[in-house]
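> Fold the following for me, if possible:
(2 chains)
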Amino acid sequence: MSQTQSADLKRVADLCEKYNIHTVECIIVDNWGVPRGKRLPTEQFLRNEGYGIANVVHTWQARCEIEVTPVQEVKDIHVQPDLSSFRVAGWGEGIGVVLCDTYTADTHQPVDIDPRQMLKKTLKKFSDLGYSVNAATELEFYLFNPDGTPLFTSLQCYGINKGAELEPIILEIREALRKTGMLVEASNVEYGPAQIEINLRYSEAMKMADDTVLYKYIVRLVAQKHGLVASFMAKPILGESGCGKSTLLRMASGLLAQTSGTLSRAGTVQFVFQDSTLLPWRTVRKNVALNLELQKLDQQMIDERVTAVLNLVGLLDSAEKLPRQLSGGMKMRTSLARSLVCEPDLFLFDEPFAALDEFTRERLNVELRTMLATRKAGSLFVTHSIAEAVFLSHRVLVMSPRPGTIVKEFIIPFGRDRDQDLRYSSEFAHVSGEIAQTLRELAPL
Amino acid sequence: MKRRLINAAGPVVVFMVFIGLWYLVAYSLHNNFSPASGKPMIIPPPHRLFEDFNGPIRERIFTALLISTRTAITGLALSAVIGITVGIAMSQAKWIERSLWPHLIALQVTPIIAIVPLMIRLIGANFTARVTVTVIISIFPIVSNTLFGIQSVHPALHDLFRLQRSSRWVVLRKLQIPAASPAIFTGLRVAAGLAVIGAIVGDFFFTKGDPGLGQLITFFFLNNLSGPMFITALFATGLGLMLFICFGVLNRLVIGRWHESVAR
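Numbers count the residues shown, from 1 in each chain, chains lettered A, B, ... in the order given. Sure, this is the predicted structure:
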């Protein structure tokens, strides 16, 4: 054990004694930023042996739960607490929390896709160049009722009295953040319905990364305590022609550089174009495999993933067909499959169903919702169809043209599971009507 | 049914009209038949075309056909390699395209006869010169079709590859060349016909080495063998058709079923 390590261990042991810590939550971060891990009794934790986990690498790679992925190569992982990150947890008595690093159990190498290890590697490069890196976050979240409706709907950006009704909850979150060693700079009501922002003061990058994980953990925990659901979700966009929707999407995908302002984007992106953009000389199967092929994945792996996705979109029987032998709907399904198979963090849809007939479009809407529901990916969906926007999304942003700006936001009060019947409900008509009204006001005859 | 009948009958009717005109010209032409032997002097009527197509003449024609085929195919192969390479290079950078276009057009519009003297001095009046003429005549459609094919690739398909941060080489191999292949094949088919023209035209100017069909036509012309002269011309046409059909078949094999023009 190195000198710093034993000094850290001494500090941690003192803290545990002082605050009567009985349990330490040893957290690892998956590549969704979702905290996972085990709770260790303090005596065991202080032995500083860490703990072992199985198959998490696989879970991370597939970005889905273990039971839906065939487990192939199970590799054990050793989880080692990073003692320098130990804090007393602000969300419960007698609890400590520590962020951990992951190593392969057999060779004891850092797990290369562990985000914390990745950040460490990057920060090392900076420190080798003589720089230290600081970061700050402006995290925003929504507070929903369990049925998916927002706590309040009117737009009250920076509204002091509107925020007041949420103040006890926000205060509780702030307290928990403070006790967990974070410095809150400010909190305010944000632009969206029941959208809250709490800013943290900048700090050293590694700590800020850890803070971000714990921040989301704490917000969700406190919301849950009050019977609410906190969400850090993405948004769909609705607007008339020429208002910059496609430009926005192209910037989000990195195809186009922004001329001013900043753009933050994390993780991998898949773009679903308005045309199916299939390569006419490739079969359905080979079209779906294209992106994986370009990522130079192993052929057997490609075959397995492509087959699974073709099965999901119902194209397994047409796998060997060429694009010219497909209907418009089938072409679009192939295009969707090509994006799904990459398992990106973010889907960008540029009016993918605009060229299809109404029936095919509605059917694909239902299918798309089902496909996305099982994935932890965010989606940004551009459309001209109000019904499509309402049916597919949780948030609808209306854009106005020249200059392209977001003029209004709607929170869609429907839950995760939606079927065709929803389109004919009075609530659906009501929400659609409100959006239509906004669009009419924007573009008077 | 009716349409199919018209489709099948059309070419036959036109061919018969052509033969009819041929007879008309052959028999109405003044002095077409020798008063002494009755042999056709200028245009043999179709049924008398093969009168002189005997042993030695047949052999000469076949030998010449073989030589011209070799010239045309060598020239066409060179054209294809150089033309596709240049077309690809031009598609990869605007400055290359801009630098080469004017010169390609200049080459295309220069009458071959204007550079024949230069080529005789530079290369000699031999096989190489004949191949060079074939290349000059047939390269333009290959370059322009390759370039056009690559430039016509749908921008969204490019975006697809850009999103995967594909290298220029990968984009070329997996997107641009396959997408441009129908256009490239159209260029090659046009070039195939031109290559035969190049090989025969070359014969008229370059008489050393083994001359092919072009030289033979001159020979028959000078010896008043109008029948064999016609047959030689027909063989030249046949050679052009054969190369054209070869590329049609190759096109079908390479592009397969995916492209509308082939699949239909």
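> Next, see if the helix or strand encompassing A:Thr334 gets close to chain B.
For A:Thr334, the host element (DSSP states H and E) is helix A:328-340. No - figure legend: helix A:328-340 not in contact with chain B (Cβ under 8 Å from any Cβ of the partner chain); closest approach 8.5 Å. Quick note: C-beta positions are derived from backbone N, CA and C, even for glycine.
> which residues touch B:Arg130?
Applying Cβ atoms under 8 Å, 6 or more residues apart in numbering or on different chains, we find B:Arg130 in contact with B:71, B:75, B:198-199, B:202-203, B:206, B:209, B:212.
> from these, which has minimum pLDDT?
Least confident by pLDDT among those: that is B:Gly209, with 70.
> check contacts around that one.
Neighbours of B:Gly209 in contact, by Cβ under 8 Å, 6+ apart: B:125-127, B:130.
> Just name the closest of these to B:Leu241, please.
Closest approach between the contacts of B:Gly209 and B:Leu241, by Cβ to Cβ: B:Arg130, at 20.5 Å.
> Return the distance of the closest one relative to B:Thr232.
Distance from B:Arg130 to B:Thr232, counting by Cβ to Cβ, to the nearest Å: 17 Å.
> now do B:Cys246
Distance of B:Cys246 to B:Thr232, given as Cβ to Cβ: 21 Å.
> Looking at those two, which one has more neighbours?
The neighbour comparison of B:Cys246 against B:Thr232 (other Cβ atoms under 10 Å in any protein chain shown) goes to B:Thr232, with 28 against 15.
> How about B:Glu51, nearest residue that isn't a chain neighbour?
Spatial nearest neighbour of B:Glu51, excluding adjacent residues (Cβ to Cβ, 6 or more residues apart in numbering or on different chains): B:Gly227 at 5.5 Å.
> The one you found contacts B:His47, doesn't it?
No - using Cβ atoms under 8 Å, B:Gly227 is not in contact with B:His47, being 11.0 Å away.
> Those two: who's more crowded?
B:Gly227 (19 against 10).
> The more buried one: which element?
Element membership for B:Gly227, per DSSP H and E: helix B:226-255.
> what do you get for B:Phe148?
Per DSSP H and E: helix B:127-151 holds B:Phe148.
> likewise A:Ile77?
Using DSSP H and E, A:Ile77 sits within strand A:76-81.
> So for that strand, mean pLDDT?
On average, the pLDDT along strand A:76-81 is 87.
> before we move on, the earlier item: list just the nearest of the contacts of B:Gly209 to A:Arg416.
Distances from A:Arg416 to these, taken by Cβ to Cβ, are shortest for B:Arg130, at 75.3 Å.
> before we move on, what SS does the closest residue to the closest one other than its chain neighbours have?
Once flanking residues are discounted, B:Arg130 sits nearest to B:Gly202: 3.6 Å by Cβ to Cβ, 6+ apart. Under the three-state scheme (DSSP: H, G, I helix; E, B strand; the rest coil), B:Gly202 adopts helix.
> Can you tell me the number of residues neighbouring residue 247?
All of this refers to chain A. 14.
> Let me rephrase: I mean chain B.
For B:Phe247, using other Cβ under 10 Å, the count is 22.
> Please name the residues that touch it.
B:185, B:188-189, B:192.
> Let's see if you can find the most crowded of these.
Comparing the contacts of B:Phe247 on neighbour count, B:Leu188 comes out first with 28 neighbours (neighbours: other Cβ under 10 Å).
> in what helix or strand does it lie?
Using DSSP H and E, B:Leu188 sits within helix B:177-205.
> Now do the contacts for the residue of the stretch 101-250 of chain B found nearest chain A.
Proximity of the stretch 101-250 of chain B to chain A (Cβ to the nearest Cβ) peaks at B:Gln164, 4.1 Å away. Taking Cβ under 8 Å, 6+ apart, we find B:Gln164 in contact with A:291, A:294-295.
> From A:Tyr158, how far out is the residue positioned nearest the centre of chain B?
Closest to where the C-alpha atoms of chain B average out (Cα atoms, centre = their mean) is B:Gly193, at 1.6 Å. Going from B:Gly193 to A:Tyr158 by Cβ to Cβ gives 75 Å.
> do A:Lys18 as well
Distance, A:Lys18 to A:Tyr158, using Cβ to Cβ: 40 Å.
> near chain A, which residues of the stretch 101-250 of chain B?
Taking Cβ under 8 Å from any Cβ as the contact definition, the stretch 101-250 of chain B meets chain A at B:154, B:156-157, B:159-164, B:166, B:170, B:174-175, B:178-179, B:181.
> Among the residues you listed, which pair sits farthest apart?
Greatest spacing in these, by Cβ to Cβ: B:Leu163 and B:Ser181 (23.6 Å).
> low pLDDT regions in chain B?
B:1, B:260-264 (pLDDT under 70).
> for it, what's the longest helix?
The longest helix of chain B (DSSP state H) is helix B:55-92.
> continuing past it, what's the next helix or strand?
For helix B:55-92, the following helix or strand on the C-terminal side (DSSP H and E) is helix B:94-109.
> Let me know how buried A:Gln109 is, in neighbour terms.
By other Cβ under 10 Å, 9 other residues sit near A:Gln109.
> Can you give me the pLDDT of it?
pLDDT, A:Gln109: 83.
> how close does it get to B:Phe244?
A:Gln109 sits 62 Å away from B:Phe244, going by Cβ to Cβ.
> Repeat that for A:Asp101.
68 Å.
> So these two - more neighbours on which side?
Remark: of A:Asp101 and B:Phe244, A:Asp101 carries more neighbours, 19 against 16, as counted by other Cβ under 10 Å.
> Beta-bridge partners for the more buried one, please?
Taking DSSP bridges as the rule, A:Asp101 bridges to A:Gln80.
> pLDDT at it, what is it?
In this model, A:Asp101 is scored at 90, pLDDT.
> Now do the phi/psi pair for A:Val272.
In terms of degrees, to the nearest 10, the main-chain angles of A:Val272 are phi -110, psi 110.
> A strand includes A:Ile27, no?
Yes - if the criterion is three-state DSSP, then A:Ile27 is within a strand.
> Who does it form a beta bridge with?
Beta-bridge partners recorded for A:Ile27 (DSSP bridges): A:Gly37, A:Leu99.
> Assign A:Gly415 to helix, strand or coil.
Look at A:Gly415: counting by three-state DSSP, its state is coil.
> and it, what are its phi and psi?
Note on A:Gly415: its backbone torsions stand at phi -80, psi -160 [degrees, to the nearest 10].
> and the gap between it and chain B?
Distance of A:Gly415 to chain B, given as Cβ to the nearest Cβ, to the nearest Å: 32 Å.
> ditto for A:Gln437
According to Cβ to the nearest Cβ, A:Gln437 stands 34 Å off from chain B.
> Good, we can wrap up now.
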